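Q: Predicted coordinates and the sequence they were generated for:
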Amino acid sequence: MAGYSPVQTNYEFLSRSPADTFSLGRRLGERLFPGSVLALIGELGCGKTLLTRGICVGLGVPERQVNSPTFAFVNEYHGRLPVFHIDLYRVADIEDGFGIGMLDYLNRAKSGVMVLEWAEKALSLLPGDHLRARFEVLSARKRRLELEGRGEAMVRLITEVCGQ
């Protein structure tokens, strides 16, 4: 299932506020397609769930339904496409990921969208084509997001959303 895609692009997005992060997520969500996998990487409180909330709104999920699944591990939302929002914060290693059904969710995500928080714990399980978003906290309100599209569809997505 995991693999390397030779087609890749990177784009740096500077978020000056939580509204910027949410807006980026919404724009991504509006263009996502079945089988989209988004891997979010960054420290606690950096904006991963806020970006996810924007993604879900872009997919037609009411914002009030979207919250961090830290204790449930997985939240499922119903919008234009099904969304599987997985939080690996409490998962120690890949074996724990198997225990919560990561491979089953990756399979189910073929017909929907998977957004994976704390994805660095399971990168080896991800398909070759996916989008990685690495968050860097610059200040209380500012974040740098490095978007890395792997695979033609994700490169196209980043180009459409970020104008690269």
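A: Done, it's in.

Q: most centrally placed residue in this structure?
A: L38 (3.1 Å; C-alpha atoms, centre = their mean).

Q: Next up, the contacts around F13.
A: 24, 144-147, 162 (C-beta atoms under 8 Å, 6 or more residues apart in numbering). Just so you know, the C-beta spots here come from the backbone N, C-alpha and C atoms, and that holds for glycine as well.

Q: packing partners for the longest helix anywhere in the chain?
A: In the chain, taking DSSP state H as the definition, the longest helix is helix 18-31. With contacts defined as 3 or more C-beta pairs under 8 Å, 6 or more residues apart in numbering; DSSP states H and E, the packing partners of helix 18-31 are strand 8-15, helix 48-58, strand 143-150, helix 152-162.

Q: what does that helix rub up against?
A: 13, 15, 38, 47, 50-59, 113, 131, 141, 143, 145, 157, 160-161.

Q: Which among the residues you listed count as buried?
A: Among those, the ones that count as buried by 16 or more other C-beta atoms under 10 Å are 13, 15, 38, 47, 50-59, 113, 131, 143, 145, 157, 161.

Q: if we can go back for a sec, hang on, the residue nearest to the centre of the chain in a helix?
A: No - read with DSSP: H, G, I helix; E, B strand; the rest coil, L38 is strand and lies in no helix.

Q: Point out where this structure drops to low pLDDT.
A: 1-6, 69-72, 92-101, 164 (pLDDT under 70).

Q: how about 80 then?
A: 1-8, 67-72, 90-109, 163-164 (pLDDT under 80).

Q: sorry, back to before: which two from the contacts of F13 end up farthest apart in space?
A: R144 and C162 (13.4 Å; C-beta to C-beta).

Q: check contacts around the residue nearest to the centre of the chain.
A: Taking C-beta under 8 Å, 6+ apart, one finds 28, 55, 113-116, 130-133 in contact with L38.

Q: now, among those residues, which is nearest to G151?
A: Checking the contacts of L38 against G151 by C-beta to C-beta gives H130 as the nearest, at 7.1 Å.

Q: Let me have the contacts of L38 in TSV, extended by distance to I86 and secondary structure.
A: Listed next are the contacts of L38 as TSV, based on distance: C-beta to C-beta, whole Å; DSSP: H, G, I helix; E, B strand; the rest coil:
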residue	distance to I86	secondary structure
L28	17	helix
I55	13	helix
V113	11	strand
M114	7	strand
V115	7	strand
L116	5	strand
H130	13	strand
L131	15	strand
R132	15	strand
A133	14	strand
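
Q: Among those, which one is most surrounded by other residues?
A: V115 (34 neighbours; other C-beta atoms under 10 Å).
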